[in-house]
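Student: turn this into a structure:
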Amino acid sequence: MAIKYTKHFLDKLENLFAASEYMLRYEKGNFKSGYCVLNENKIVIVNKYFPLEGKINALIDILTELNFNPQDFSDKSNQDFLTELRQTQLKF
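Tutor: A predicted model of the protein is given here:
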């Protein structure tokens, strides 16, 4: 799957977090990698000043780190999207 740096692609990533047990927030901060994961509270915080490309890359990194299971999502489109994302390699 090719990563598209569009608002629509970002919305699809945000929908994955909305359907998961993690709450996604955009906040200002001094994060080295652009995001912070608070596992105890199930909160993901992404630097709101990141450009669109940075937000998308951060969310994909977080999804990889959290290792979501596609079967945990009730919506078939979220399952398919997550399966496709897992097969994607980021190239920096």
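
Student: which parts of the longest helix seen in the chain are buried?
Tutor: Counting residues, the longest helix in the chain under DSSP state H turns out to be helix 52-66. Along helix 52-66, these residues count as buried under the neighbour rule (16 or more other CB atoms under 10 Å): 54-63. Every C-beta, even on glycine, is put in place using the N, C-alpha and C of the backbone.

Student: from the chain's centroid, how far away is that helix?
Tutor: 5 Å (CA atoms, centre = their mean, to the nearest Å).

Student: please apply the same query to stretch 42-56.
Tutor: Worked out by CA atoms, centre = their mean, stretch 42-56 lies 9 Å from the chain centre.

Student: equivalent analysis for stretch 56-75, please.
Tutor: The chain centroid and the centroid of stretch 56-75 are separated by 6 Å, computed with CA atoms, centre = their mean.

Student: got the end-to-end distance for that stretch?
Tutor: 21 Å (CA to CA, to the nearest Å).

Student: that stretch - what's its average pLDDT?
Tutor: For stretch 56-75, the mean per-residue pLDDT is 87.

Student: now do it: everything it contacts.
Tutor: Stretch 56-75 is contacted from outside by 3, 5, 9-10, 13-14, 16-17, 19-20, 22, 24, 33-35, 37, 44, 46-47, 50, 78-80, 82-83, 85-86, 88, 90, using CB atoms under 8 Å, 6 or more residues apart in numbering.

Student: narrow these to those that are buried.
Tutor: 3, 9-10, 13, 16-17, 19-20, 22, 24, 34-35, 44, 46-47, 50, 78-79, 82, 85.

Student: out of those, which are inside helices?
Tutor: Using DSSP H, the subset of those located in helices is 9-10, 13, 16-17, 19, 78-79, 82, 85.

Student: now for this structure, the helix or strand with the poorest mean pLDDT.
Tutor: Least confident helix or strand of the chain, by mean pLDDT, DSSP states H and E, is strand 35-38 with a mean of 73.
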